[in-house]
Structures are given as C-alpha cells and as structure tokens.
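> this is a predicted model, with the sequence first.
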Amino acid sequence: MSGIIRVYRRDEEGALQFREAWFDEDYSQFVMNHGVVGHQSTTDETDVENAEAAERLMDAFAVQCAEDGYAEIPEEEQFWVVAQYALKTKDGTSRDRYLEEKAKDALISHLAWRGLGIVDRSEFSDSRLNIFCLTPDVNKTVSAIKVCIRGEDLDFTKLSIGAAPFGEDTYKLKHSPKPANSFTL
C-alpha cells in the first residue's frame, strides 16, 4: 500500500487547498484530511474491512482528486523552513535531545493537520539544533512554527527560523529572538 496521498490545488480566490488520505492499520480505517493550507483541517474516517478495501478507497480518492484538479507538489517546487535552537554546547546535551524529540513531535502534528508539509529531519551542528521542514508555503509555515513552539512551551526565546527554496543553500532569516540579519545552519 502506498502510505499517504497528499495533493494540492488553488481555488478560485487563489487560496492553496489540500487533500490527503491514508489507511490507519491500527484502527482499520481509511482517513481523509482536507482543508485550506495553514488552517486546521477537517478529517473523515471510514471503517474498512481490510487492506485491500483500503487500497480500493485510496485508488478512488486519487482519481477523484485528479478530476477535481488536485496534484502533488514536487519537492523541487517546495521550500525548506528550518526551526533552529541555539545551544550551549557544540553537540547538544541530553536536555537538548529531549527538546529535539518534543519539538519534532509537536511540529509533525501541527504542520500535518494544516497541510503545511512534513518534518523531514533534525540535526545537531555547531551549537545549533536544526529541524528541517519541507513545505509548500513559507510564510504560513513560519507562523505555524511560532504558534506551535509557543503553545508547547518549548523555549520560544531561543528559536530562530530560516527559509530557502528547495535545492538552495542560502537561507533567509524569517524570525529571530534578537536583532539579526542572517541565518546560518
């Protein structure tokens, strides 16, 4: 089975909308999630007998999405948004690793339910924790990261955010706790 289907389209007013679907094996449910990118989505679950029935629903979902003008956005047309924490040590402490897991888990959920992409990876480098998010909308993702980190009480005062088009190495500073003009990984 093909994991998750995630597709997008622009409506008549230019707003980016998304639809996604997957089979939740734990609950034997076909799950559809949809809405306007950047806003809390609507979710519908349908009980299914088995994986084959879910596969048929996934196929029908993909066909309907294509008919409605939805399509995947290739990675190279998306953006990297990096949530970055300044650390006191070069490689991070056990407390920093806890922060990494807590922040990643919170961001995975927060971004996904708003159609804002995925948390791709995290890494410790040069006294920084970097959490890389791949997204179709930089500005809404930056706002969502700030809301999420504040809401989870994850030391907002140490958070910087940078963004760059997929495939580029020069990140533009989007948020910093103190005056700064650049963002470095």
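Everything's here; your move.

> tell me where the chain has strands.
Ranges of strands within the chain are 4-10, 16-24, 29-36, 42-47, 79-86, 118-125, 128-135, 159-165, 172-175, based on DSSP state E.

> figure out which of those strands is closest to residue 72.
In terms of C-beta to C-beta, the element of these nearest to residue 72 is strand 4-10, at 5.6 Å. (C-beta placed from N, C-alpha, C; glycine too.)

> still on that earlier bit, with distance to residue 71 and mean neighbour count added, can I get the strands of the chain in JSON lines?
Below are the strands of the chain laid out as JSON lines (distance: least, C-beta to C-beta, whole Å; neighbours: other C-beta atoms under 10 Å):
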{"stretch": "strand 4-10", "distance to residue 71": "6", "mean neighbour count": "17"}
{"stretch": "strand 16-24", "distance to residue 71": "11", "mean neighbour count": "20"}
{"stretch": "strand 29-36", "distance to residue 71": "15", "mean neighbour count": "18"}
{"stretch": "strand 42-47", "distance to residue 71": "20", "mean neighbour count": "11"}
{"stretch": "strand 79-86", "distance to residue 71": "18", "mean neighbour count": "22"}
{"stretch": "strand 118-125", "distance to residue 71": "17", "mean neighbour count": "16"}
{"stretch": "strand 128-135", "distance to residue 71": "17", "mean neighbour count": "22"}
{"stretch": "strand 159-165", "distance to residue 71": "19", "mean neighbour count": "20"}
{"stretch": "strand 172-175", "distance to residue 71": "27", "mean neighbour count": "17"}
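
> any chance of those in TSV, with distance to residue 72 and mean pLDDT too?
Shown next, in TSV, are these (distance: least, C-beta to C-beta, whole Å; pLDDT from 0 to 100):
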stretch	distance to residue 72	mean pLDDT
strand 4-10	6	97
strand 16-24	10	97
strand 29-36	15	97
strand 42-47	20	96
strand 79-86	15	97
strand 118-125	13	96
strand 128-135	12	97
strand 159-165	17	97
strand 172-175	25	96
